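Colleague: need a 3D model of the following:
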Amino acid sequence: MKDDVAKAAKKPKIRKGFDKGAFYRTSRMLHAYISAFAFLALMFFSFTGILLNHPEWLQGKKPAEQSVTGQIPSAAIAGAMKAEDQPKALAAEVARRIKPRGAYSSGEMLDGEAMLRFEGATGATDVILDLETGKAEATIQPATATSIINDLHKGKNTGLVWRLLIDVTAILVLALSVIGYVLFFSLRFRLKTSLILTAVSLAVFVGIYLAFVP
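Modeller: Numbers count the residues shown, from 1 in each chain. As a prediction, the model looks like this:
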């Protein structure tokens, strides 16, 4: 009986509550998994950001405009004219036959013609469609390397999927940074240094903004 009491007394007490060890292990695991994608995306947007800051590095010959004509069947035009958004419906018919650069951006109807505008990261296209004859005249302007990088970096004229990719990238990089700080501050013997570096970094950002940003 005494032996049983002694063994029970020797058993370690199970502490309930926050487990720092498990928390930091999970943080390290998440940091490793997230970094597999986030670092690649971060390198891309960092590289394109540098190029945008120095557009002269990519200056070159501007791609020549291209003139393309096409014929839109009268039945297709008649069907598009019944749509609520006539220019958009006409643009869809034109896109099936001419393959413009970019996606439909805007359009207007004037004096028996439809003037349609397509814009995208790969270039832009202006189309004049004669509603009576069905003749479509398109002027295609391919994008330059600088404009492509600019659009991809900002998510301009890139479509829903690419903009969603930018959002996901931003969220993952933010999560990666927060987890990195958690691991950074988990090193007790470097806590003071970590706090000092954080304060100095913040002061540098604010100082540059106040002193040098016009």
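Colleague: who are the contact partners of the residue nearest the centre of the chain?
Modeller: Nearest residue to the geometric centre of the chain (C-alpha atoms, centre = their mean): I166, 2.4 Å. Each residue near I166 by C-beta atoms under 8 Å, 6 or more residues apart in numbering is listed here: G155. C-beta coordinates here come from the backbone N, C-alpha and C atoms, glycine included.
Colleague: distance of it relative to F45?
Modeller: Using C-beta to C-beta, to the nearest Å, we find I166 at a distance of 8 Å from F45.
Colleague: and if you look at V68?
Modeller: 34 Å.
Colleague: what does L176 give?
Modeller: From L176 to F45 the distance is 13 Å (C-beta to C-beta).
Colleague: these two: who's more crowded?
Modeller: L176 (19 against 16; other C-beta atoms under 10 Å).
Colleague: list the contacts of the more buried one.
Modeller: 31, 34-35, 38.
Colleague: list the buried ones in the helix of greatest length in the chain?
Modeller: Assignment by DSSP state H gives helix 20-53 as the longest helix of the chain. Buried residues in helix 20-53, counted by 16 or more other C-beta atoms under 10 Å: 27, 31, 34-35, 38, 41-42, 45, 48.
Colleague: can I get the CA coordinates of the next helix-or-strand element following that helix in CSV?
Modeller: With elements assigned by DSSP states H and E, the helix or strand that comes after helix 20-53 is strand 66-71. The C-alpha trace of strand 66-71 is given here as CSV (Å, rounded to 0.1, in the frame of the first residue of the first chain):
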residue,chain,number,x,y,z
GLN,A,66,-1.0,45.3,-86.2
SER,A,67,-4.1,45.9,-88.4
VAL,A,68,-6.6,43.0,-88.7
THR,A,69,-10.0,42.8,-90.4
GLY,A,70,-12.8,40.4,-89.9
GLN,A,71,-16.3,39.7,-90.9
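Colleague: now do the helix or strand where V206 lies: distance to the chain's middle.
Modeller: Using DSSP H and E, the element containing V206 is helix 191-212. Helix 191-212 sits 28 Å away from the centroid of its parent chain (C-alpha atoms, centre = their mean, to the nearest Å).
Colleague: state the mean pLDDT of that helix.
Modeller: Helix 191-212 carries an average pLDDT of 84.
Colleague: so what does that helix touch, helix or strand wise?
Modeller: For helix 191-212, the packing partners by 3 or more C-beta pairs under 8 Å, 6 or more residues apart in numbering; DSSP states H and E come out as helix 159-185.
Colleague: now the angle from the helix it packs on to helix 191-212?
Modeller: 130 degrees (axes from the mean of the first three to the mean of the last three C-alpha atoms, to 10 degrees).
Colleague: same question for helix 159-185: list its buried residues.
Modeller: Here helix 159-185 shows 166, 169, 172-173, 176, 179, 182, 184 as buried, counting by 16+ other C-beta under 10 Å.
Colleague: can you put those residues in a markdown table and add distance to Y209 and pLDDT?
Modeller: Shown next, in a markdown table, are those (distance: C-beta to C-beta, whole Å; pLDDT from 0 to 100):
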| residue | distance to Y209 | pLDDT |
| --- | --- | --- |
| I166 | 24 | 90 |
| T169 | 24 | 88 |
| L172 | 26 | 87 |
| V173 | 21 | 87 |
| L176 | 24 | 84 |
| I179 | 27 | 83 |
| V182 | 27 | 78 |
| F184 | 24 | 72 |
